[in-house]
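1. Just to be clear, the model below is a prediction. Sequence and coordinates:
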2 protein chains.
Amino acid sequence: MQKQEGKKFTSSLLFTGGVSILVGIIIFLIPIPQSLRDVAELVPARNAELGWRLLAIFVATIVALILKPFPMGTVCFISIAVLAVTKTTTVGVALSGFSNTTIWLIVCAFFISRGFVKTGLGQRIAYLFMKAFGKKTLGLSYSFIISDLVMAPAMPSNTARAGGIIYPIIRSLANVFGSKVEDGTERKVGSYLLYTTFQADNVVSAMFMTAMAANPLAAQIASDVLGLQISWMQWAVAAFVPGIVSLALLPLLMYKIYPPEIKETPEATEIAKKKLQEMGPLSKKEKQMIFVFFLILVLWIFGPNFRIDATTTALIGLCTMLLIGILDFNDIKTEQSAWDTLVWFAALVMMAAQLNTLGVIPWFSVTVTNSVSGLGWVVAFAIIALAYFYSHYFFASATAHVSAMYGALLLASVSLGAPPLFAALVLAFFSNLFMGLTHYGTGPAPVYFGSGYVTQGTWWGYAFLISVINIAIWVLVGGLWWRILGLW
Amino acid sequence: MQKQEGKKFTSSLLFTGGVSILVGIIIFLIPIPQSLRDVAELVPARNAELGWRLLAIFVATIVALILKPFPMGTVCFISIAVLAVTKTTTVGVALSGFSNTTIWLIVCAFFISRGFVKTGLGQRIAYLFMKAFGKKTLGLSYSFIISDLVMAPAMPSNTARAGGIIYPIIRSLANVFGSKVEDGTERKVGSYLLYTTFQADNVVSAMFMTAMAANPLAAQIASDVLGLQISWMQWAVAAFVPGIVSLALLPLLMYKIYPPEIKETPEATEIAKKKLQEMGPLSKKEKQMIFVFFLILVLWIFGPNFRIDATTTALIGLCTMLLIGILDFNDIKTEQSAWDTLVWFAALVMMAAQLNTLGVIPWFSVTVTNSVSGLGWVVAFAIIALAYFYSHYFFASATAHVSAMYGALLLASVSLGAPPLFAALVLAFFSNLFMGLTHYGTGPAPVYFGSGYVTQGTWWGYAFLISVINIAIWVLVGGLWWRILGLW
């Protein structure tokens, strides 16, 4: 039996790995389009041959990230090695992503978010809001969303936040109310709370540059291809109004169309009270964690005035935690998700940057531009943005999706006449909102779906509805808000 | 009790940490020497102010690595943050070490060496040699040394090799012969075998660029300060003759002056036979590991002819292991020693490179040169090299020592007239040989010393004797051999 499974595993690996390699080879064998050569000739650093070879390796990488013959890290190490061996880039350039400051912002933030989990502060926050708003099921859903929102600025792993801290609390709560989960048809409180919290988490992820791993990547790419600098504070202010509107409406909407059977939940308040009693008063470590949290928040907001950038701030936060003993170096060494992210992030950031340098992204954007030109920028940008949003049905990771498409589509939108900052923000926010479309589109999705409370049909159906509402809120309310802010 | 220990811990931390910071502040407050300003003015990229500030942070880092208020990784993260916050370098430069190709050579080699441990191949090698040469205690000592030597090209962690694979085998063997260890006075086979193997491991570490983590660092610094390229093959050939002479003599010497009480050990052969029987025939994974080992060895030797450098080779080796399933990405994420090494290595390499760029290393070398000039290069280099060797009494890590002194002393030696490659090799080999001086000078030292078989007096006494003999062999036999090779 085991042997057979091993065999099945191997043949599936050979198939998915083979398809990835095949796609790369096919692209490599296609003659280089004259249009790419034309675009490449405009700038000395560009190179159509190397660019095309890089594109083949890059697309093969993206296909492999989707088909998953291996974990992301393995795929990305292989891509780095292939780049170096084929001399598409030097080994130095292939490794250059590892010292990218954006990547270290995220790596440090992973370490910092470990402090929330290790000190128990994350749990306490969730129980506090649960105690305050938990008398009704609707209030409960808001309490989880607010907890999520409070932690989001310093926790770029939506999986750690929604999956690691909040999910276990909802699950144990749902058990108290005795929900049966089998086929998703009986739902006392679990189905409503889990699905609403999951969808809200994607909105929360959009609200801060440091609330989701791919956000700084989008900002970095916007800077690479357009020279557009988006600061931490600018992102937070821009996202605030559409984000709050989304978060306010979402639980109400789901309460109407997907109501929980039990609507009064006095037990939840009791549970929260008991858990908080067990936890006792704020521990010293928790107080220190609160201090660090506000320290980095203040530096992220006001640091740019003193030329302290976001990565330096994250380093300061990390070192403070190490110095005062919230974390020790063992926590750092064993924080697997950070090292995992470092590897795949470094490879993708490097390839995205090189695709731009070698002229492939400018060429792709010219191609897109030509195909929708003559439509006026509003229609053209709407087509591009919607295509970007709904192509997430094909992606199992926001990061893979952002690296694959964000840069080229942003450049195309701007050359079609869309205001740069408006286009950059809409596409960046979409990069979070689209995570809700499927039960595999982002880290927490399989966790929440795996609970069994929501069937796939229900999940996808409501997800589509929510996607339409979110797009409307973020483009219309958001666009108006950014106009007021003078961002475009 | 626990609380008191905590207090003691905190006060020792405050003391050692405080001393480190104080040293940095004192250096920072010393007026910048005019001689540094003079040296800095010669090259535009140099900067006496920033260089002096970097020196203060660097020395504080080295002091902290010696006093250990925190683990190496924590100290190095703090140094990176301090560099960025004080704007001594940009945050980009402070993080630049993380994409250094030399560092990734070592990080990949850590992953590769995990394959030796995971597949059991490392153990099998040790038992094979034990079976072949283990009838006498003297033969046993050679069998452990040869095992060590065989694994060394692909295992840059001397701690993993000597401490992780070989040490447990010697310990369990010593138990069979019933050694009492209490005060190091009774020694049947354990004392002799452990001490000899430990000292030999330092020689083995000197023999390949990839046999000890600080070796590529030395090669990198030689390239930074002198533009001298030392290839993997060049290193191995140069080290071969003096290395083999050292390894041949060491067990004989210790057998004379520190003899084991039991000299015939037929039981050892039996144990090895039994263990090999238990292991059965070579497993598929072990065969694959042997294949990868030879693959990277061949590429390290012949790769430069096809412009495949050592880091690319290590990446190929790693990816091959991931592809054929010797390792999975979980092994990578959880290989703490690799991530630990990445952090402190990146910080030290970056600071060493910046000290050179900003003019501090050239200035220090001019100062050393002036103080021993007029002596003729032979005497001057002898003084410098011996000072370098015996200053290891003050270091708990070869890497810290190499980063602190190798570059400046090499530059000084060369400006005094020493042949560049000769000086670079002698100092590089010394960087391994000096690890045997104390029971804290390198990773395996506390492991072997901690066994209790050898008292500190015995350890230090014989260590000094061995150091003199090693220096004679490596300078005289080595020097002659390199002359024959035409290296100088």
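-> It's in. Numbering: from 1, shown residues only, chains lettered A, B, ... in the order given.
2. A helix includes residue A:230, no?
-> No. Residue state for residue A:230 (DSSP: H, G, I helix; E, B strand; the rest coil) corresponds to coil; a helix is not indicated.
3. how about the residue lying closest to it once chain neighbours are set aside, what does it touch?
-> If the residues on either side of it in the chain are set aside, residue A:230 comes closest to residue A:219, at 4.7 Å by Cβ to Cβ, 6 or more residues apart in numbering or on different chains. Heads up, the C-betas are built off the backbone N, CA and C, glycines and all. Residue A:219 makes contact with A:102, A:209, A:230, A:235, A:428, according to Cβ atoms under 8 Å, 6 or more residues apart in numbering or on different chains.
4. quick one: average pLDDT of the helix or strand encompassing residue A:219?
-> Applying DSSP states H and E as the criterion places residue A:219 in helix A:214-226. Averaged over helix A:214-226, pLDDT sits at 92.
5. Go through the next helix or strand after it and flag the buried ones.
-> In the C-terminal direction, the helix or strand that comes right after helix A:214-226 (DSSP H and E) is helix A:232-257. By 16 or more other Cβ atoms under 10 Å in any protein chain shown, the buried positions in helix A:232-257 come out as A:232-236, A:238-239, A:241-243, A:245-247, A:250-251, A:253-255.
6. What residue, apart from its backbone neighbours, is nearest the residue nearest in space to the middle of chain A spatially?
-> The centroid of chain A falls nearest to residue A:212 when counting by Cα atoms, centre = their mean (4.2 Å). Nearest residue to residue A:212, sequence neighbours excluded (Cβ to Cβ, 6+ apart): residue A:205, at 3.8 Å.
7. Quick check: pLDDT value at the one you found.
-> Model confidence at residue A:205, given as pLDDT, is 97.
8. Can you classify it by secondary structure?
-> helix.
9. Quick check: residues of the stretch 1-150 of chain A near chain B?
-> A:70-74, A:77-78, A:80-81, A:84-85, A:87, A:91-92, A:95-101, A:104 (Cβ under 8 Å from any Cβ of the partner chain).
10. Just the buried subset of those, please.
-> Neighbour counting by 16+ other Cβ under 10 Å classes A:70-74, A:77-78, A:80-81, A:84-85, A:91, A:95-101, A:104 among the residues of the stretch 1-150 of chain A next to chain B as buried.
11. Strands - which of these land there?
-> Judged by DSSP state E, these include no members of strands.
12. residues in the stretch 251-400 of chain A within reach of chain B, list them.
-> Contact residues (Cβ under 8 Å from any Cβ) of the stretch 251-400 of chain A with chain B: A:307-309, A:311-312, A:315-316, A:318-319, A:322-323, A:328-330, A:332-334, A:336, A:339-340, A:343, A:346.
13. What about those residues, which are in helices?
-> Here DSSP state H is the test, and those give A:311-312, A:315-316, A:318-319, A:322-323, A:329-330, A:332-333, A:336, A:339-340, A:343, A:346 as lying in helices.
14. So among those, which ones count as buried?
-> Burial by neighbour count, 16+ other Cβ under 10 Å: within these this picks out A:311-312, A:315-316, A:318-319, A:322-323, A:329, A:332-333, A:336, A:339-340, A:343, A:346.
15. Closest one of those residues to residue B:384?
-> Proximity of these to residue B:384 (Cβ to Cβ) peaks at residue A:329, which lies at 34.5 Å.
16. I'd like the distance between the closest residue to that closest one other than its chain neighbours and residue A:99.
-> Nearest residue to residue A:329 in three dimensions, chain neighbours excluded: residue B:71, at 4.0 Å (Cβ to Cβ, 6+ apart). Using Cβ to Cβ, to the nearest Å, residue B:71 is found at 22 Å from residue A:99.
17. same deal with residue A:195?
-> In terms of Cβ to Cβ, residue A:195 sits 41 Å off from residue A:99.
18. For chain B, what's the nearest residue on the stretch 351-488 of chain A?
-> residue A:353 (12.2 Å; Cβ to the nearest Cβ).
19. relative to helix B:336-357, how tilted is the host helix or strand of that residue?
-> In this assignment (DSSP H and E), residue A:353 forms part of helix A:336-358. Angle, helix A:336-358 to helix B:336-357, by axes from the mean of the first three to the mean of the last three Cα atoms, to 10 degrees: 50 degrees.
20. pLDDT on helix A:336-358, on average?
-> 87.
21. any idea of the angle it forms with helix A:214-226?
-> Using the same axes, to 10 degrees: helix A:336-358 against helix A:214-226 is 10 degrees.
22. so how far is helix A:336-358 off the chain centroid?
-> Distance of helix A:336-358 from the chain centroid (Cα atoms, centre = their mean, to the nearest Å) equals 15 Å.
23. Also stretch A:270-280?
-> That offset, for stretch A:270-280, works out to 32 Å (Cα atoms, centre = their mean).
24. Same question for stretch A:376-389.
-> 21 Å.
25. Now for the residue nearest to residue A:101 when sequence neighbours are not counted: which residues touch it?
-> Spatial nearest neighbour of residue A:101, chain neighbours left out: residue A:311 (4.3 Å); criterion: Cβ to Cβ, 6+ apart. Contacts for residue A:311 (Cβ under 8 Å, 6+ apart) come out as A:101-102, A:104-105, A:108, B:84, B:91, B:95.
26. Which of the residues you listed sits closest to residue A:408?
-> The closest of these, once distances to residue A:408 are taken by Cβ to Cβ, is residue A:102, at 18.7 Å.
27. surely that closest one meets residue A:220?
-> Yes. Assessed by Cβ atoms under 8 Å, residue A:102 is found in contact with residue A:220 at 4.5 Å.
28. and for those two, which residues touch both?
-> residue A:349.
29. How far away from the center of its chain is the longest helix anywhere in chain A?
-> Under DSSP H, the helix in chain A containing the largest number of residues is helix A:2-29. Here the centre of helix A:2-29 is set off from its chain's centre by 27 Å, with Cα atoms, centre = their mean.
30. How about stretch A:52-60?
-> Offset of stretch A:52-60 from its chain centre (Cα atoms, centre = their mean): 24 Å.
31. Not counting it itself, show me its contacts.
-> Taking Cβ under 8 Å, 6+ apart as the rule, stretch A:52-60 contacts A:20-21, A:23-25, A:27-28, A:32, A:36, A:79, A:82-83, A:86, A:88-89, A:351, A:354-355, A:358, A:360, A:404.
32. which of these are buried?
-> A:20-21, A:23-24, A:27-28, A:36, A:79, A:82-83, A:88-89, A:351, A:354-355, A:358, A:360, A:404.
33. tell me the contacts of the residue of the stretch 351-488 of chain A closest to chain B?
-> Residue A:353 neighbours (Cβ under 8 Å, 6+ apart): A:96-97, A:224.
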